[in-house]
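J.: Model the structure of this input:
(4 chains)
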2 protein chains.
Amino acid sequence: MAIRLQDIANDLNLSKMTISKVLRGQTDVSAETKARVLKRMKELNYRPNISARGLRTGQTYSVGMVVPSLANPAVALMVRGINEVFRPASYSLVLSSIEGDDEMEERETELHLSRQVDALIFCPRSDASAVPQALTETTVPVIYAGTAPPRAAGLSVGLREAEVGKFAAEHLLGRRCRRIVYLRGPRTAVADQRFAGFREAHRDAGVSVRQDWIFETHPGASDYRSGFEIMQRLIASRVRPDGIVAYTDLLAAGARDAVIAAAIEVPKQLQIIGCGNVADLCETGISLTSIDLAHEEIGRRVARMTLKRIEEKGETAQRSVTLSPKIVERASTRAN
Amino acid sequence: MAIRLQDIANDLNLSKMTISKVLRGQTDVSAETKARVLKRMKELNYRPNISARGLRTGQTYSVGMVVPSLANPAVALMVRGINEVFRPASYSLVLSSIEGDDEMEERETELHLSRQVDALIFCPRSDASAVPQALTETTVPVIYAGTAPPRAAGLSVGLREAEVGKFAAEHLLGRRCRRIVYLRGPRTAVADQRFAGFREAHRDAGVSVRQDWIFETHPGASDYRSGFEIMQRLIASRVRPDGIVAYTDLLAAGARDAVIAAAIEVPKQLQIIGCGNVADLCETGISLTSIDLAHEEIGRRVARMTLKRIEEKGETAQRSVTLSPKIVERASTRAN
DNA sequence: ATGAAAGCGCTAACAC
DNA sequence: GTGTTAGCGCTTTCAT
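T.: A predicted model of the protein is given here:
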């Protein structure tokens, strides 16, 4: 078995209490003793048993996180932001990826609670309608990341989704676009909010939105192909938009390639703005202006909120937060 | 605080031993008692404390994993494969993402050991030269995933890297390419092995490799731009290759776009094969034939190996495994 | 079929 | 500055 406090105590003819104190950096130990203990710990390659400590103190210094899919770059960024804050605080993140399996959401949540996590970060799918029941019954702090839960029961850090559509439209309207196609993505709450922002920007600018230039995409289907085909059809029917706002970068890329294939110049005759700011994708071809969804910053905020929440224990004075998206300009829209 | 075994025992006027037996599915409990206990557990929303159990049994049913970066789609796939196997076995994966910080490798590894993981899965960076010291000193089983460690000290599941270059070259050579450009990527051990496979295929086919058609890429630089610029320069100098093998899909995409911009037809006049099989990317434009690096399968194998290794405890009869990559045909190479 | 006692490795609260 | 005692929630072992 592994080395224990007791082993070191025996070696040094001390009580394990003294060793424990050194381990935790208490000050009421003589410098000399401390040095001896530290030295022996190194030699023996001692590693404290966190389960045992957790059992005793009621804290595990681990936080659970449930995400829809690790393959999602947005999630990867959020996780990076969280770790950035947790690491210096010596907290670890225990990740569960749901991979689209609804039922697993419930199971994994319970598993985390069994593991005595100090808090739980929950990242709802964008089409989620309910949260696992276990979340509503636990006394462990729960923080929602990305999207606020339908029934905003707890703390959350989210994005001002409406601004995504708004900023995108404003960007194009400010660059003289007047005939903007909107590839609005799926029928989800998030997409609806972004669309509302898109309309708002038009209203503010006194430009009307054409209902027949709003295109939904279908789950399952490839976004690139969808974007390509929608624009191909549109151009074939002699319609000449001067701007495209897309729900994803992949949609934007597909749309861009169809537009270019029709010998329409980007950004001169038509400007395009995507969403998500996926680096690899945005930098292909005529690089895509896109909207950064602030995932990493959301992660950092979530982490800070989580740590505070753990410290407080009881009621919290904290409030949910929403962040603004940011436009990242590239070649598919004009300099100004 | 949370509900404990003792609380249920008190409620039901039983000893906590009986409750524990029910919890673990022991058979020496009367059906009636069992039903009562189960019912009460549900009502109270009881969740066993895994730390306490782990302390007693020495098993935590959690496995640590250290990866270079979660943003890497290859890693995400491996994790998915691992979870697929772990889930039904009730094991959880505790992930640490290093994000390029060398020193963190050591710290996170130690942290995992402190957490009493039952095993540790280590996924070395492709340019790694050494593994954390903690790994060499521990008695916890360590399994390497993706690339075998430089000093193959333990069990690993890897890819036959040479076959990546070999299959790619064979694919093009079998489709009548005779003048193949190789975008070989960085100067790493993995890239070297793939290149060796590329040469081997040429040797077998009796076709010579042109030294001045081998291009390195530089870390930091965008692969898309690199691929684009290399091919642009090559074509400008009147060179006319009939095939391209690229170290990444992004390189392949850049090369493809440069080739097309020069009015060379893909795949008619020039065929391209990428590597990584990143779905989003391969399906843009003239879709890219690519090499699937079997990450998900590697994950599954790693997971099975890990579980077996945990079971055995002592010496193992298991051996390291390498898997073959697989070509995924798309539009950038000819049907045959 | 049920239960009592002991202890996993650690730390809080106290002596000394 | 150092040590003693007790106990976190669970399971192992052995009685009953």
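J.: Next up, phi/psi of A:Ala71, please.
T.: phi -70, psi -10 (degrees, to the nearest 10).
J.: what's the nearest residue to A:Ala148 once chain neighbours are set aside in contact with, if anything?
T.: Of all residues not flanking A:Ala148 in the chain, A:Ser156 sits nearest, at 4.3 Å (Cβ to Cβ, 6 or more residues apart in numbering or on different chains). For the C-beta atoms, the positions are set from N, CA and C on the backbone; glycine is no exception. When contacts are counted by Cβ atoms under 8 Å, 6 or more residues apart in numbering or on different chains, A:Ser156 touches A:143-145, A:147-149, A:320-321.
J.: And for A:Val302?
T.: For A:Val302, the contacting residues are A:78, A:81-82, A:121, A:143, A:145, A:157, by Cβ under 8 Å, 6+ apart.
J.: ditto for A:Val259
T.: Applying Cβ under 8 Å, 6+ apart, the residues contacting A:Val259 are A:231, A:235, A:244, A:266, A:270, A:272.
J.: Can you pick out the ones from the residues you listed that are in helices?
T.: With helices taken from DSSP state H, the overlap with the contacts of A:Val259 comprises A:231, A:235.
J.: could the contacts of A:Val259 be laid out in TSV, adding neighbour count?
T.: Formatted as TSV, those follow (neighbours: other Cβ atoms under 10 Å in any protein chain shown):
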residue	neighbour count
A:Met231	30
A:Ile235	18
A:Ile244	30
A:Val266	21
A:Leu270	27
A:Ile272	29
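J.: Low-confidence stretches in chain A?
T.: A:1, A:150-153, A:313-314 (pLDDT under 70).
J.: DNA strand D contacts on that one?
T.: Residues of chain A lying close to DNA strand D (Cβ under 7 Å from any atom of the strand) are A:13-18, A:21, A:28-30, A:32-33, A:52, A:55-56.
J.: Swap in 6 Å and give it another go.
T.: A:14-15, A:17-18, A:28-30, A:33, A:55-56 (Cβ under 6 Å from any atom of the strand).
J.: which residues of the stretch 101-250 of chain A fall in strands?
T.: For the stretch 101-250 of chain A, applying DSSP state E, counting those that start in this stretch gives strands covering A:119-122, A:142-146, A:155-159, A:180-185, A:214-216, A:243-246.
J.: between those strands, which gets nearest to B:Leu111?
T.: Ranking the strands of the stretch 101-250 of chain A by their distance to B:Leu111 (criterion: Cβ to Cβ) puts strand A:119-122 first, at 17.7 Å.
J.: Quick check: the gap between whichever residue of the stretch 151-300 of chain A sits closest to DNA strand C and DNA strand D.
T.: Residue nearest to DNA strand C within the stretch 151-300 of chain A: A:Leu155 (26.5 Å; Cβ to the nearest atom of the strand). Distance of A:Leu155 to DNA strand D, given as Cβ to the nearest atom of the strand, to the nearest Å: 25 Å.
J.: What is the burial count for that residue?
T.: Counted by other Cβ atoms under 10 Å in any protein chain shown, the residues lying close to A:Leu155 total 22.
J.: bridging residues for the closest residue to it other than its chain neighbours?
T.: Sequence neighbours aside, A:Ile143 is the residue nearest to A:Leu155 in space, at 5.0 Å (criterion: Cβ to Cβ, 6+ apart). A:Ile143 forms beta bridges with A:Ile121, A:Leu155, as assigned by DSSP bridges.
J.: So what's the residue count around A:Ile143?
T.: 23.
J.: doesn't A:Gly158 make contact with it?
T.: No - judged on Cβ atoms under 8 Å, A:Ile143 makes no contact with A:Gly158 at a distance of 11.0 Å.
J.: before we move on, back to that, tell me the two of the contacts of A:Ser156 that are most distant?
T.: Going by Cβ to Cβ, the pair spanning the contacts of A:Ser156 furthest: A:Pro149 and A:Val321, at 14.4 Å.
J.: tell me which parts of chain A are close to DNA strand C?
T.: A:1, A:4-6, A:16-17, A:20, A:23-24, A:48-49, A:52-53, A:55-57.
J.: Now do the same contact list for A:Ala196.
T.: A:Ala196 touches A:162, A:165, counting by Cβ under 8 Å, 6+ apart.
J.: And it, how far from A:Glu216?
T.: 15 Å (Cβ to Cβ, to the nearest Å).
J.: for A:Gly185, same thing?
T.: 7 Å.
J.: As a check, name the ranges of all helices in chain A.
T.: A:5-12, A:16-23, A:31-44, A:50-57, A:73-86, A:102-114, A:133-137, A:161-173, A:189-205, A:223-236, A:249-261, A:279-282, A:295-312.
J.: out of the ones you listed, deepest packed?
T.: Of all these, helix A:249-261 has the most neighbours on average by mean count of other Cβ atoms under 10 Å in any protein chain shown, namely a mean of 25.
J.: Dump that helix to PDB, restricted to CA.
T.: Provided in PDB are the C-alpha atoms of helix A:249-261 (Å, rounded to 0.1, in the frame of the first residue of the first chain):
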ATOM      1  CA  ASP A 249     -19.400  29.400 -38.700                       C
ATOM      2  CA  LEU A 250     -19.900  26.200 -40.700                       C
ATOM      3  CA  LEU A 251     -23.200  27.600 -42.100                       C
ATOM      4  CA  ALA A 252     -21.300  30.800 -43.000                       C
ATOM      5  CA  ALA A 253     -18.500  28.800 -44.700                       C
ATOM      6  CA  GLY A 254     -21.000  26.900 -46.800                       C
ATOM      7  CA  ALA A 255     -22.800  30.100 -47.700                       C
ATOM      8  CA  ARG A 256     -19.600  31.800 -48.500                       C
ATOM      9  CA  ASP A 257     -18.500  29.100 -50.900                       C
ATOM     10  CA  ALA A 258     -21.800  29.100 -52.700                       C
ATOM     11  CA  VAL A 259     -21.700  32.800 -53.100                       C
ATOM     12  CA  ILE A 260     -18.100  32.700 -54.400                       C
ATOM     13  CA  ALA A 261     -19.000  29.900 -56.800                       C
END
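J.: relative to strand A:180-185, how tilted is it?
T.: 140 degrees (axes from the mean of the first three to the mean of the last three Cα atoms, to 10 degrees).
J.: Can I get the helices of chain A in JSON lines including distance to A:Gly64?
T.: Shown next, in JSON lines, are these (distance: least, Cβ to Cβ, whole Å):
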{"stretch": "helix A:5-12", "distance to A:Gly64": "28"}
{"stretch": "helix A:16-23", "distance to A:Gly64": "26"}
{"stretch": "helix A:31-44", "distance to A:Gly64": "30"}
{"stretch": "helix A:50-57", "distance to A:Gly64": "14"}
{"stretch": "helix A:73-86", "distance to A:Gly64": "12"}
{"stretch": "helix A:102-114", "distance to A:Gly64": "3"}
{"stretch": "helix A:133-137", "distance to A:Gly64": "11"}
{"stretch": "helix A:161-173", "distance to A:Gly64": "26"}
{"stretch": "helix A:189-205", "distance to A:Gly64": "24"}
{"stretch": "helix A:223-236", "distance to A:Gly64": "31"}
{"stretch": "helix A:249-261", "distance to A:Gly64": "30"}
{"stretch": "helix A:279-282", "distance to A:Gly64": "29"}
{"stretch": "helix A:295-312", "distance to A:Gly64": "10"}
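J.: how about those, which one is nearest A:Leu95?
T.: Using Cβ to Cβ, the helices of chain A put helix A:73-86 closest to A:Leu95, at 6.9 Å.
J.: re earlier: mind giving me the ChimeraX select for the contacts of A:Ser156, buried ones only?
T.: Here is the ChimeraX command that selects the buried residues among the contacts of A:Ser156 (16 or more other Cβ atoms under 10 Å in any protein chain shown):
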select /A:143,144,145,147,148,149
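J.: A:Tyr336: how many residues sit nearby?
T.: In this structure residue A:336 is Asn, not Tyr. 8.
J.: any idea how far A:Ile327 is from the closest residue in space to it that isn't next to it in sequence?
T.: Leaving aside its chain neighbours, A:Asn336 sits nearest to A:Arg175 (6.5 Å; criterion: Cβ to Cβ, 6+ apart). Using Cβ to Cβ, A:Arg175 is found at 11 Å from A:Ile327.
J.: if I pick the residue nearest the centre of chain A, what's in contact with it?
T.: In chain A, the residue lying closest to the centroid (Cα atoms, centre = their mean) is A:Met78, at 3.7 Å. Listed by Cβ under 8 Å, 6+ apart, the contact set of A:Met78 reads A:67, A:123, A:145-146, A:295-296, A:298-299, A:302.
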